[in-house]
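> Turn this into a model:
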Amino acid sequence: MNPLDSDVIWSTLFRRVHDYGRSGVFVSAISAIDIALWDIKGKYLNLPIYQLLGGKVREKVPVYASSMARNLTPIEEANRALSFAEEGYSGYKLHSAVPGKIDDPSDQTIDTVTEVRKAVGDDIDILVDVNGAYSAHHAIEIGKQLEELGVFHFEEPRPHYDLPGLAKVADALSIPIASGEMIYSLYEYKELMVRGKVDIVQPDIVKTPGFTTLIKIANLADSLGIPITCHNTQPTISTVAHAHF
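Below you'll find the predicted structure:
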């Protein structure tokens, strides 16, 4: 097929995976192809992808440091956050709670955020990601304490598929609720924003799939007045693609 017909190719591939479910590795494979097609278009037209998407809107992109470690004490996490702040990062995301468990008593989220805030001061954004490890009522309890600690966003207090639970938490708190790294289709993002009432969506271009879907998600989010933070955990193609987006 003509690589310039990226929308047509995307639709063809998306129909092909219908019987396997439009998520997971099948859709990530479509993402790889879609990103490659946009790269081919850029090379053919001798234009960077950001111009194909409508033009450069900023000279710099703000990023935050992200701690994937879950075995640090509150003091160790605070020291790590401080080291990133000293490198020039203006935000730090910690992954607390215990994934796969709900309201585990060993959770040290509040103690950790308290120590991180002491270490980095008030000028550094702190983001908290618990990967859906709280019940709705406990998420509200924790969220109110995170508000007092000046946390920038509270990520996945409930799993992405518990839309009523996310909405309940979002309604009860003023802190922004973020979610979206674990979903793939435009329809899922619509449900997350409308029924889940999240304040920030986090699409990942290697899952969504590709520029073709990310554009649609961005337009939907824009129409609802909801900002996007790209979810990015891969240091090469994913990072470059998100930078262009």
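> Residue 132 is in contact with residue 159, isn't it?
Yes. Using Cβ atoms under 8 Å, residue 132 is in contact with residue 159, at 3.5 Å. In this view, the C-beta of every residue, glycine as well, is placed from N, C-alpha and C.
> neighbour count winner among these two?
The residue with more neighbours, out of residue 132 and residue 159, is residue 132; 22 against 16, by other Cβ atoms under 10 Å.
> which residue ranges form the strands in this structure?
65-67, 91-95, 125-129, 153-155, 177-179, 200-201 (DSSP state E).
> Would you mind putting those into a markdown table with mean pLDDT alongside?
Converted to a markdown table, those look like this (pLDDT from 0 to 100):
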| stretch | mean pLDDT |
| --- | --- |
| strand 65-67 | 88 |
| strand 91-95 | 95 |
| strand 125-129 | 97 |
| strand 153-155 | 98 |
| strand 177-179 | 98 |
| strand 200-201 | 98 |
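> can you put the ones you listed in a markdown table and add mean neighbour count and distance to residue 103?
Shown next, in a markdown table, are these (neighbours: other Cβ atoms under 10 Å; distance: least, Cβ to Cβ, whole Å):
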| stretch | mean neighbour count | distance to residue 103 |
| --- | --- | --- |
| strand 65-67 | 19 | 22 |
| strand 91-95 | 22 | 17 |
| strand 125-129 | 23 | 15 |
| strand 153-155 | 25 | 15 |
| strand 177-179 | 26 | 18 |
| strand 200-201 | 22 | 24 |
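> Quick check: which of those is nearest to residue 47?
strand 200-201 (27.6 Å; Cβ to Cβ).
> Redo the strands of the chain as JSON lines? Include distance to residue 81.
Formatted as JSON lines, the strands of the chain follow (distance: least, Cβ to Cβ, whole Å):
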{"stretch": "strand 65-67", "distance to residue 81": "7"}
{"stretch": "strand 91-95", "distance to residue 81": "4"}
{"stretch": "strand 125-129", "distance to residue 81": "8"}
{"stretch": "strand 153-155", "distance to residue 81": "16"}
{"stretch": "strand 177-179", "distance to residue 81": "18"}
{"stretch": "strand 200-201", "distance to residue 81": "20"}
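> Of those strands, which is nearest residue 21?
Nearest of the strands of the chain (Cβ to Cβ): strand 177-179, 20.0 Å.
> Counting by contacts, list what the closest one packs against.
Using 3 or more Cβ pairs under 8 Å, 6 or more residues apart in numbering; DSSP states H and E as the contact test, the elements touching strand 177-179 are strand 153-155, helix 163-172, strand 200-201.
> partner strands of that strand, parallel or antiparallel?
strand 153-155 (parallel), strand 200-201 (parallel) (DSSP bridges).
> Can you list the neighbours in contact with it?
Residues outside strand 177-179 that contact it (Cβ atoms under 8 Å, 6 or more residues apart in numbering) are 127, 153-157, 160, 166, 169-170, 192, 196-202, 229.
> Student question: in the protein, what's the helix or strand with minimum average pLDDT?
The least trusted helix or strand in the chain, going by mean pLDDT, DSSP states H and E, turns out to be strand 65-67, with a mean of 88.
> Tell me which of the helices and strands packed on strand 177-179 sits nearest to residue 141.
Nearest of the helices and strands packed on strand 177-179 (Cβ to Cβ): helix 163-172, 9.7 Å.
> thought residue 67 was touching residue 91?
No. Look at residue 67 against residue 91 with Cβ under 8 Å: they stay out of range, at 11.5 Å.
> quick one on the thing from earlier: and of the strands of the chain, who's closest to residue 187?
strand 200-201 (13.4 Å).
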